[in-house]
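Engineer: Task: produce atomic coordinates for the following.
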Amino acid sequence: MRLREKFGRGGTEVGVERAHQLADRRELSEADVKSMHSYFARHAVDKDTDSHKWNSDSDPSAGFIAWLLWGGDAGKKWADSKAEKLK
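Structural biologist: Numbering: from 1, shown residues only. As a prediction, this is how the structure comes out:
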């Protein structure tokens with residue numbers, strides 16, 4: 001949230017809500033897990049950007065900020081693991 005507020009970019013309202021859900025440690029439904037897994041699968045390509053920078057605190061890309069809202073690399077790993085168990 002800090003980077004989104006500072007730079008005024010990155011993420012949608014859905015991503016912001018997911019960030020609050022994760023930060024508040026609210027329960028995640030099966031649909032939430034599938035949504036997270038799907039988000040990360042669709043947005044891995046955002047790492048290949050020419051505007052702004054991935055993994056930067058000084059000039060982060062919108063995709064990087066959104067990725068963090070959804071839980072970042074740790075969130076991806078967790079969602080992928082949970083989604084696999086749901087299959």
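
Engineer: Could you count how many residues lie near Val14?
Structural biologist: Val14: 13 surrounding residues under other C-beta atoms under 10 Å. For the C-beta atoms, the positions are set from N, CA and C on the backbone; glycine is no exception.

Engineer: Now do the spatially most central residue of the chain against Asp50, distance only.
Structural biologist: Most central in the chain under C-alpha atoms, centre = their mean is Trp70, positioned 2.4 Å from the mean C-alpha point. For Trp70, the distance to Asp50 (C-beta to C-beta, to the nearest Å) stands at 22 Å.

Engineer: on that earlier part again, in this structure the residue nearest to the centre of the chain contacts Arg18, no?
Structural biologist: Yes: Trp70 is within contact range of Arg18, at 5.5 Å (criterion: C-beta atoms under 8 Å).

Engineer: who touches both of those two?
Structural biologist: Common neighbours of Trp70 and Arg18 (criterion: C-beta atoms under 8 Å, 6 or more residues apart in numbering): Met36.

Engineer: Helix or strand: which one has Glu17?
Structural biologist: helix 13-23 (DSSP states H and E).

Engineer: Now that helix: average pLDDT?
Structural biologist: Taken as a whole, helix 13-23 has an average pLDDT of 97.

Engineer: now stretch 32-48
Structural biologist: 95.

Engineer: quick check, distance from it to the centre of its chain.
Structural biologist: Centroid separation between stretch 32-48 and its chain, computed with C-alpha atoms, centre = their mean, to the nearest Å, is 7 Å.

Engineer: Is it correct that Asn55 falls within a helix?
Structural biologist: No: secondary structure assignment (DSSP: H, G, I helix; E, B strand; the rest coil) places Asn55 in coil, not in a helix.

Engineer: Please list all residues in contact with it.
Structural biologist: Phe64.

Engineer: Now the closest residue to Asp46 other than its chain neighbours: which helix or strand?
Structural biologist: Leaving aside its sequence neighbours, Asp46 sits nearest to Gly63 (C-beta to C-beta, 6 or more residues apart in numbering; 2.9 Å). Per DSSP H and E: Gly63 is located in helix 62-69.
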